[in-house]
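Visitor: Sequence and computational prediction follow.
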Amino acid sequence: MNKVKFSERFLWISVTLSLLGLVFFLSIEKVKAISSDGEKYLQILHEVVAYIENDFVEPQEEKKIYIGAIQGALHSLGDPHTRFIDVDEFKELQNETKGSFGGIGVELNYQENAFVIVAPIEGTPAWKAGLLPQDKIIEINGKPVKSLSQAESFAMMRGEVGTSISMKIERKGLKEPFVVNLVRELIQIRFLRSFYLPEKETGYIKLVQFMGKDTGKEFATAVKNLKDSGAKKLVIDLRMNPGGLLDLAIDLADLFLPPNSDIVSVKGRGGVLIKSFKSEDRDLKFLDLPVAILVNGGSASASEILAGALKDNKRALIVGTQSFGKGSVQSIIPLSFGAGVAITIQKYYTPSGISIHGKGITPDHVINPVSANEDEKYALEKLFKKNLIRPFLESHSEFNESSITDFKDILKKENLKISDSVIRIFLFNEMRMGSSQSKPRLDLDIQLSEAINLLK
């Protein structure tokens with residue numbers, strides 16, 4: 001049987017829910033003959049299963065035992081992206097691109113019996129609710145994720161537009177998990193938006209995902225329009241961008257690199273070079289425009305390829321915090337009886353030969369955003385628990401000094417202290433209400449402000 005190659009993407013589990021990734025659906029080929037050691041341990045496995053079935057104090061389902069053995073074998077590889085796919089989930093993967101459905105808008109990674117958020121997608125319910133990279137979803141509608149199959153978890157997170165979902169979240173720095181209640185929406189993402197900042201003679205482009213058939217053209221047009229408006233430098237914001245199409249990352253890097261510059265290489269087993277990608281000789285280039293790229297822990301896969309390519313070619317300054325570190329390719333292989341397995345087969349390397357996977361891109365200039373300290377996090381958590389935030393936002397629709405003063409009054413009544421800078425950023429983010437139209441605020445975004453100042 002022939003291989004069927006789907007879109008060149010980085011494999012990703014998304015609860016928009018869409019797959020983002022370089023994914024191959026491979027046909028079943030002849031299984032490699034088992035070694036003598038393999039035969040020995042396979043025999044031991046059968047013996048152990050027999051003892052479990054006959055002697056274990058509680059009766060067990062045979063299917064569950066064997067699935068556990070398979071998952072254990074894959075877990076021993078130490079790669080969270082290599083995993084067993086049961087029959088129901090495999091059907092979901094095959095039907096992933098068909099139709100529309102309601103979602104909450106997060107990119108997820110499954111690790112240690114929990115879904116770890118890579119990034120919330122801007123403008124979606126998850127983003128509006130303030131979910132963050134590295135948040136762990138440990139319960140869905142009251143059911144522990146560790147007690148559910150991945151297919152069951154996906155089914156619970158999906159649903160009709162307008163229906164609600166409850167999730168319990170574990171967040172680093174918070175003592176107790178907290179519950180968020182979201183309403184599913186039809187996830188329709190505007191992948192790109194741009195603004196000219198005349199006071200800084202700077203163009204700003206926010207790329208939400210590396211997706212969309214026309215995004216490459218829109219990006220190039222946006223850069224040209226910003227230059228025509230007077231922009232003498234450019235900031236590309238890839239924060240919270242979980243990735244997407246490989247080809248798009250290559251196309252965008254090509255805009256800023258001279259012909260025949262290395263962009264990214266793909267290596268397989270044993271470090272064997274599979275393919276390398278270089279910039280081409282094309283009419284539309286922006287070779288003299290100073291560029292800075294903003295990244296953070298929610299920047300992954302295609303974001304890291306673009307940032308790594310321009311960093312290693314000394315074509316852009318990378319500003320922010322360490323990126324996520326997702327730079328591998330999975331094959332999804334159908335197995336017998338309708339199941340499947342996802343196996344990591346390749347990794348991506350930047351032009352300087354650095355593997356992205358598990359490491360991420362290190363910024364040239366590490367700039368931490370203004371964030372709440374432990375006491376301030378506790379104060380905000382207390383306000384949420386006492387249901388004081390939502391009524392305040394309902395009665396204060398605009399971010400202004402009056403709203404800030406009123407919020408400080410609430411803090412005073414509750415005998416809580418939060419710094420002025422954290423209050424301003426918190427309220428600004430909350431009052432955007434998921435709008436993707438908000439022009440960046442240099443007074444509230446220290447990473448963007450510093451990136452602009454660093455560009456010559």
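Guide: Structure's in. What do you need? Model, not experiment: these values are computed from the prediction.
Visitor: can you give me the strands in the stretch 251-400 of the chain?
Guide: Secondary structure of the stretch 251-400 of the chain (DSSP state E, counting those that start in this stretch): strands at 262-267, 273-278, 291-295, 317-320, 328-334, 340-349, 365-366.
Visitor: among those, which is the most enclosed?
Guide: Neighbour counts (mean count of other CB atoms under 10 Å) averaged over each of the strands of the stretch 251-400 of the chain peak at strand 291-295, with a mean of 27. For glycine as for every other residue, the C-beta is placed from the backbone atoms N, C-alpha and C.
Visitor: In contact with Val422, which residues are there?
Guide: By CB atoms under 8 Å, 6 or more residues apart in numbering, Val422 lies in contact with 370-372, 376.
Visitor: check which helix or strand covers it.
Guide: helix 420-431 (DSSP states H and E).
Visitor: by contact count, what packs against the helix or strand that comes right after that helix?
Guide: Sequence-wise, the next helix or strand downstream of helix 420-431 (DSSP H and E) is helix 446-454. Helices and strands touching helix 446-454, by 3 or more CB pairs under 8 Å, 6 or more residues apart in numbering; DSSP states H and E, are strand 233-237, strand 291-295, strand 317-320, strand 365-366.
Visitor: Dump those into TSV; add mean pLDDT as well.
Guide: Formatted as TSV, the helices and strands packed on helix 446-454 follow (pLDDT from 0 to 100):
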stretch	mean pLDDT
strand 233-237	98
strand 291-295	98
strand 317-320	98
strand 365-366	98
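Visitor: will you turn those strands into JSON lines that also has distance to His75?
Guide: Shown next, in JSON lines, are these (distance: least, CB to CB, whole Å):
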{"stretch": "strand 233-237", "distance to His75": "36"}
{"stretch": "strand 291-295", "distance to His75": "30"}
{"stretch": "strand 317-320", "distance to His75": "32"}
{"stretch": "strand 365-366", "distance to His75": "33"}
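Visitor: what about dumping the CA coordinates of stretch 215-228 to PDB?
Guide: C-alpha atoms of stretch 215-228 as PDB (Å, rounded to 0.1, in the frame of the first residue of the first chain):
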ATOM      1  CA  THR A 215      -1.800  34.000   5.200                       C
ATOM      2  CA  GLY A 216       1.600  34.100   3.400                       C
ATOM      3  CA  LYS A 217       0.300  36.600   0.900                       C
ATOM      4  CA  GLU A 218      -1.500  38.600   3.600                       C
ATOM      5  CA  PHE A 219       1.700  38.700   5.700                       C
ATOM      6  CA  ALA A 220       3.800  40.000   2.800                       C
ATOM      7  CA  THR A 221       1.200  42.600   1.900                       C
ATOM      8  CA  ALA A 222       1.100  43.700   5.500                       C
ATOM      9  CA  VAL A 223       4.800  44.200   5.600                       C
ATOM     10  CA  LYS A 224       4.700  46.200   2.400                       C
ATOM     11  CA  ASN A 225       1.800  48.400   3.600                       C
ATOM     12  CA  LEU A 226       3.600  49.100   6.900                       C
ATOM     13  CA  LYS A 227       6.700  50.200   5.000                       C
ATOM     14  CA  ASP A 228       4.600  52.400   2.800                       C
END
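Visitor: what sits up against it?
Guide: Applying CB under 8 Å, 6+ apart, the external contacts of stretch 215-228 come out as 191-192, 194, 196, 203-205, 207, 212, 234, 248, 251-252, 255, 284, 286, 289.
Visitor: Next up, the contacts around Ser352.
Guide: Counting by CB under 8 Å, 6+ apart, Ser352 has contacts Asp312.
Visitor: Let me know how buried Gln43 is, in neighbour terms.
Guide: The local packing of Gln43 (other CB atoms under 10 Å) involves 10 other residues.
Visitor: That one sits in which helix or strand?
Guide: Assigned by DSSP H and E, Gln43 belongs to helix 36-55.
Visitor: which parts of that helix are buried?
Guide: Within helix 36-55, the residues that qualify as buried are 49, 52, counting by 16 or more other CB atoms under 10 Å.
Visitor: Mind giving me the packing neighbours of that helix?
Guide: So helix 36-55, by 3+ CB pairs under 8 Å, 6+ apart, packs with helix 62-75.
Visitor: what's the weakest-modelled helix or strand in the protein?
Guide: Within the chain, no helix or strand scores below strand 4-5, which has a mean of 32 by mean pLDDT, DSSP states H and E.
Visitor: before we move on, the earlier item: the helix holding Gln43 - what's its average pLDDT?
Guide: Across helix 36-55, the average pLDDT comes to 90.
Visitor: got a list of contacts for that helix?
Guide: Here helix 36-55 makes contact (CB under 8 Å, 6+ apart) with 34, 60, 62, 65-66, 69.
Visitor: cutoff 6 Å now
Guide: The contact list for helix 36-55, computed with CB atoms under 6 Å, 6 or more residues apart in numbering, reads 60, 65.
Visitor: what angle do that helix and helix 62-75 make?
Guide: Put simply, helix 36-55 runs at 140 degrees to helix 62-75, going by axes from the mean of the first three to the mean of the last three CA atoms, to 10 degrees.
Visitor: Distance from helix 36-55 to the middle of the chain?
Guide: From the chain centre to the centre of helix 36-55 is a distance of 40 Å (CA atoms, centre = their mean, to the nearest Å).
Visitor: Please export the C-alpha coordinates of that helix as PDB.
Guide: The C-alpha trace of helix 36-55 is given here as PDB (Å, rounded to 0.1, in the frame of the first residue of the first chain):
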ATOM      1  CA  SER A  36      14.900 -13.900  20.300                       C
ATOM      2  CA  ASP A  37      14.900 -11.400  23.200                       C
ATOM      3  CA  GLY A  38      11.600 -10.000  21.900                       C
ATOM      4  CA  GLU A  39      10.100 -13.500  21.900                       C
ATOM      5  CA  LYS A  40      11.300 -14.100  25.400                       C
ATOM      6  CA  TYR A  41       9.700 -11.000  26.800                       C
ATOM      7  CA  LEU A  42       6.500 -11.400  24.800                       C
ATOM      8  CA  GLN A  43       6.100 -14.800  26.500                       C
ATOM      9  CA  ILE A  44       6.700 -13.200  29.900                       C
ATOM     10  CA  LEU A  45       4.100 -10.600  29.100                       C
ATOM     11  CA  HIS A  46       1.500 -13.300  28.200                       C
ATOM     12  CA  GLU A  47       2.300 -15.100  31.500                       C
ATOM     13  CA  VAL A  48       1.900 -11.900  33.500                       C
ATOM     14  CA  VAL A  49      -1.400 -11.100  31.800                       C
ATOM     15  CA  ALA A  50      -2.600 -14.700  32.600                       C
ATOM     16  CA  TYR A  51      -1.700 -14.300  36.300                       C
ATOM     17  CA  ILE A  52      -3.500 -10.900  36.400                       C
ATOM     18  CA  GLU A  53      -6.600 -12.400  34.900                       C
ATOM     19  CA  ASN A  54      -6.600 -15.500  37.100                       C
ATOM     20  CA  ASP A  55      -5.200 -14.300  40.400                       C
END
